[in-house]
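Participant: Task: produce atomic coordinates for the following.
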Amino acid sequence: MTVVEPTAAPERRLFQALLGLFLCLSGPIAWAQLLDRPWLRSSGAPAWILMAAGVCYGLAAARVDRRWFVRALAVLDAALLAFFTWAFFGLAALPVTHAEDLQRAPDFTLSDAGGRPVTLSQRLGGGPVLLAFWRGHW
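Facilitator: Residues are numbered from 1 along each chain as shown. Have a look, this model is predicted:
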């Protein structure tokens, strides 16, 4: 007597691979929806969790189902994760600024939030000055 182990239908593995692709694509969308929360914006935790689950689903489907398009979906999942990693860490980095490229701001006088005049040259006499510009008005 021969015992035959049941195997999952290929359609089910295709659904699993498509689910993995959906999770990989929804990761950056979830991150964009949560930009107003500082911790989630800076860590990207929802995106990383969704994309990791998507890659796991895709690789698990490709391991069982040997059809080329299921494997292509798994490769696409991994490529999306690699692209998002590059975009998250590479594109978000501030450009390098060299000291010789910096220009000294011209002297000016503006009013502060209380309406008192503030002159840049007077402030520089006390040490370094950080200039911050806000759009809008008081």
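Participant: Please make it C-alpha for all contacts and neighbour counts, starting now.
Facilitator: Will do.
Participant: quick one: the closest residue to residue 51 other than its chain neighbours from residue 56, how far?
Facilitator: Nearest residue to residue 51, sequence neighbours excluded (CA to CA, 6 or more residues apart in numbering): residue 24, at 4.3 Å. Distance, residue 24 to residue 56, using CA to CA, to the nearest Å: 10 Å.
Participant: Check residue 100 too.
Facilitator: 48 Å.
Participant: Show the end-to-end separation of stretch 83-98, please.
Facilitator: Start and end residues of stretch 83-98 are separated by 29 Å (CA to CA).
Participant: what does that stretch rub up against?
Facilitator: residue 28 (CA atoms under 8 Å, 6 or more residues apart in numbering).
Participant: So that it lines up with my notes, have the first residue be 11 from now on.
Facilitator: Okay, using 11 as the starting number, the last item reads as stretch 93-108.
Participant: ranges for the strands of the chain?
Facilitator: 119-121, 127-129 (DSSP state E).
Participant: Worst mean pLDDT among these?
Facilitator: Mean pLDDT per stretch puts strand 119-121 lowest among the strands of the chain, at a mean of 88.
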